[in-house]
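A.B. asks: Task: produce atomic coordinates for the following.
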Amino acid sequence: MAERDALITGIGLVSCLGEGIDAHWAALNQAGGFRPVVDAETFGPCPVHPMVQLELDRQIPKRGDQRQMEAWQRIGVYAAGMALDSAGLKGNAEALGRADMIVAAGGGERDYAVDEAILSALPAADNPDVLLNQRLMTDLRPTLFLAQLSNLLAGNISIVHGVTGSSRTFMGEEASGADAVRIACARLAAGQGDVFLVGGSFNAQRPDALMLHALGGMLWTHEYAPVWARQADGGGTVFGSLGCFLVLESREHAAARGAAAVAHVAAIATDRCRRGSGEAAAVARRQFSGMRQHLQDGAAAVISGASGASPASGEEAAFLAEFGLPVRAAATAFGHSVEPSFIASLALAAISVQRGTLFAPLEAAEAPMAGTLRQALVTSWGMWRGEAMAVVDGA
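C.D. replies: Purely as a prediction, here's the structure:
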């Protein structure tokens, strides 16, 4: 153990499965087998995993703050508050004033009424380019545009929860969440901070996001099926609304304030490739070779961030089969959430390692684990780019 180890001392997680780690653990270990929470009607033919109903007042007490945020920001601010509560930092102005924040976020949500009005008017316009410029200048309010900026999630967390140390926001699909954690761990190791709030959020219940990914052929449009089962029919992603934040803290700092740790991020690596045949697996093998010493035979399992999209998920399944470890696809549990997906997988890994047991299989392709779980290998292969891997160990 080292004083600058990156400990997970707080977890805030909200998804279709519920609110908080206990609700998620109960949902993952239901008697009679796992039962996914899926909305197959609202955005048909694309199923989604909808966000559980949140009592926003519990983490965002001012109604004015709630109203000026979009759904993805409310989800993220809520999850961030839960993480601070979990770590025992909520309301500690002195500690929060020194806490650093790294957020993984995508773009904001669109104004569908404006989009529809412009698209309806363009076909009849004598000069469509002029009309488009005019409508964009008059129909889009400056406040609406600002509400779409990705770094406003961090801004709202600062306002609502008082986290006022340094702040960074990363964009870049799944890789943004993985790099947010990697950089927080590196800064902890280097003594460039003692406490980091790291996380992100994703609203899957957005027609624009679903349309864009459907046009790219990346979504699952059949009757719902779990991640690995989709590969036999061409693969596809089922998005899930999700918010997840972690409090990452040096072992030294956590001990000084008497904070109990959930788990320890023992190793982490991120990379990317062009996704030619076998390239993502080659990246993952290099990552694994640098962290395999952290895994004990018979005491480890894999929490995979596979989205379900082909060919990446099929290639990852083949890669993971080489190790003979029990595997769980997190996206079967609560859907693929892009930016915070890796962070949510880390949360599941930490919860499982803390309890010393892997949750039950989520589909027939996943094997049970009988022994004690001591480490979890967490993987993330983005739908299009980005490969990440981490080892979560006991605290």
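A.B. asks: State the three-state secondary structure for residue 269.
C.D. replies: strand (DSSP: H, G, I helix; E, B strand; the rest coil).
A.B. asks: Tell me how many other residues crowd it.
C.D. replies: Counted with other Cβ atoms under 10 Å, the neighbours of residue 269 add up to 19. Just so you know, the C-beta spots here come from the backbone N, C-alpha and C atoms, and that holds for glycine as well.
A.B. asks: And for it, nearest residue in space, chain neighbours not counted?
C.D. replies: Spatially, and ignoring its direct neighbours in sequence, residue 269 is nearest to residue 287 (4.3 Å; Cβ to Cβ, 6 or more residues apart in numbering).
A.B. asks: Report the contact partners of the one you found.
C.D. replies: By Cβ atoms under 8 Å, 6 or more residues apart in numbering, residue 287 lies in contact with 269, 271, 387, 388, 389.
A.B. asks: mind showing which ranges of the stretch 251-395 of the chain have poor pLDDT?
C.D. replies: Residue ranges of the stretch 251-395 of the chain with pLDDT under 70: none are present.
A.B. asks: quick one, strands of the protein?
C.D. replies: Taking DSSP state E, the strands of the chain run over residues 6-15, 18-19, 100-104, 167-170, 195-202, 242-250, 263-271, 300-304, 327-329, 375-381, 387-393.
A.B. asks: Ok, which of those strands comes nearest residue 342?
C.D. replies: strand 375-381 (4.1 Å; Cβ to Cβ).
A.B. asks: residue nearest the centroid of this structure?
C.D. replies: What sits nearest the mean C-alpha location of the chain, by Cα atoms, centre = their mean, is residue 340, with 1.9 Å.
A.B. asks: for the record, mean pLDDT for stretch 3-16?
C.D. replies: For stretch 3-16, the mean per-residue pLDDT is 97.
A.B. asks: Run the chain-centre distance for that stretch.
C.D. replies: Distance of stretch 3-16 from the chain centroid (Cα atoms, centre = their mean, to the nearest Å) equals 12 Å.
A.B. asks: Also stretch 97-107?
C.D. replies: 13 Å.
A.B. asks: what's the closest residue to residue 286 other than its chain neighbours in contact with, if anything?
C.D. replies: In space, and not counting its chain neighbours, residue 286 is closest to residue 271: 7.5 Å by Cβ to Cβ, 6+ apart. If you count contacts by Cβ under 8 Å, 6+ apart, residue 271 has them with 283, 286, 287, 386, 387, 388.
A.B. asks: Who does the fifth one form a beta bridge with?
C.D. replies: According to DSSP bridges, the partner residues bridging residue 387 are residue 271, residue 381.
A.B. asks: Give me the distance between residue 238 and residue 43.
C.D. replies: As judged by Cβ to Cβ, to the nearest Å, residue 238 and residue 43 stand 11 Å apart.
A.B. asks: Okay then, goodbye and thanks.
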